[in-house]
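1. Fold the following for me, if possible:
(one chain, ligands or ions: 1)
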Amino acid sequence: MMSLKIIVVPCLADNYAYIIHDKLANKTTLVDAPDFDPIQQELEKKKWVLDNILITHHHEDHIAGVAELSKLHNPKVFGAESDKCRLPRLDVSLSDRDKFSIGNHIFKCIDVPGHTLGHVAFYCASENIVFTGDSLMTLGCGRIFEGTALQMFESLDQLKKLPEITKVFSGHEYARQNAKFSLTVEPDNSFLIEQAKQIEINLGLKLPNVGFSLLTEKRTNPFLRADTNEIKVALGLEDRSDLDTFTTLRKMKDEF
Ligand SMILES: [Fe+2]
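-> Below you'll find the model as predicted:
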């Protein structure tokens, strides 16, 4: 099967939208629509018509462009059934583990509440890619606005179970700040030092810091490492639960 082409579209101050193109099926899908103009420009450049829009969560900086893009392209809009009252009008409402096909590829919806209650991620096993919005991010995770620390912890745990070769595409460019924080927690983590260097190289080349593998993130992202001895020792929380450790990390990051 021919693989999908993914185009990262920087939007607003630090958002990313993703255009996924299935050449064989000639289908084009967007993940999140922070802004109309940059996405439309990219579609025009490629002469692609949008067939689908996948929405990760209801925040304005992920849906602001949906109405205008819909008017022009008439795509099918996919989003969480549980949040449909505050999402743009959905053509396909998804629940946890629902599968749907996009061109020749099967995608799965994974509930990842925490940042918002109806937040979902989109996983494609055949391509080893996952679109995580503001749940799991490069060296970080989204702030907990609506859910509980337990919900976010369990959401990240769901994502952690995906194959380690899975590439993670999140909704924002927060990598430099996330790396800075992660290095204060684990200054001697050699994988983290390496990734932080790569992040700076990418920023210098104006390349987005997304698409790191889950294996890399499991070695470096403190929010995926709350169950490790290294993190607990680093924070002096040896006798505390994984959830307590995660909650402490999240609080530290909020105040960083
Ligand atoms: Fe958000």
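
2. tell me the pLDDT at residue 1?
-> In this model, residue 1 is scored at 59, pLDDT.

3. Check the one 4 residues further on too.
-> Model confidence at residue 5, expressed as pLDDT, equals 96.

4. Same check on residue 104?
-> At residue 104, pLDDT is 88.

5. burial count for it?
-> 14 (other C-beta atoms under 10 Å). C-beta: built from backbone N, CA, C; applies to glycine.

6. Ok, residue 164 next?
-> With other C-beta under 10 Å as criterion, residue 164 counts 13.

7. so it sits in a strand?
-> No - assignment of residue 164 by DSSP: H, G, I helix; E, B strand; the rest coil gives coil, placing it outside any strand.

8. Please tell me I have it right and it contacts residue 217.
-> No - with contact defined as C-beta atoms under 8 Å, residue 164 does not reach residue 217; the gap is 9.2 Å.

9. need the next SSE after the helix ranked longest in the chain, C-terminal direction.
-> Using DSSP state H, we find that the single longest helix of the chain is helix 190-204. Once the chain leaves helix 190-204, the next helix or strand it forms, by DSSP states H and E, is strand 212-213.

10. Now do that following strand: which elements does it pack against?
-> strand 167-170 (3 or more C-beta pairs under 8 Å, 6 or more residues apart in numbering; DSSP states H and E).

11. contact partners of the longest helix of the chain?
-> Residues from elsewhere that reach helix 190-204, judged by C-beta atoms under 8 Å, 6 or more residues apart in numbering: 138-139, 175-176, 179, 182-183, 186, 208-209, 212, 216, 219-220.

12. can you list the residues of this protein near the ion?
-> Residues of the chain lying close to the ion (C-beta under 5 Å from the ion) are 59, 134.

13. Which parts of the chain are helices?
-> Ranges of helices in the chain, per DSSP H, are 36-46, 60-63, 66-73, 149-160, 175-185, 190-204, 214-220, 229-235, 242-254.

14. Am I right that residue 15 is in contact with residue 137?
-> No - using C-beta under 8 Å as the test, residue 15 is too far from residue 137 to be in contact (11.9 Å).

15. What's the local residue count around residue 238?
-> Neighbourhood size, residue 238 [other C-beta under 10 Å]: 9.

16. which residues does it contact?
-> 229, 232.

17. That one and the ion, how far apart?
-> 33 Å (C-beta to the ion, to the nearest Å).

18. ditto for residue 229
-> Separation of residue 229 from the ion (C-beta to the ion) stands at 32 Å.

19. Distance check, the residue nearest to residue 141 when sequence neighbours are not counted against residue 43.
-> With sequence-adjacent residues excluded and distances taken as C-beta to C-beta, 6 or more residues apart in numbering, residue 141 is closest to residue 223, at 4.4 Å. Distance of residue 223 to residue 43, computed by C-beta to C-beta, to the nearest Å: 34 Å.

20. Out of these two, name the residue with the larger neighbour count.
-> Legend: neighbour count by other C-beta under 10 Å for residue 223 and residue 43, higher for residue 223 (27 against 21).

21. what's the distance between the residue nearest to residue 141 and the ion?
-> Counting by C-beta to the ion, the gap from residue 223 to the ion is 16 Å.

22. picking that back up, kindly write the PyMOL command that selects the buried subset of the contacts of helix 190-204.
-> Entered in PyMOL, the line below selects the buried ones among these, by 16 or more other C-beta atoms under 10 Å:
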select buried, resi 138+139+175+176+179+182+183+186+208+209+212+216+219+220
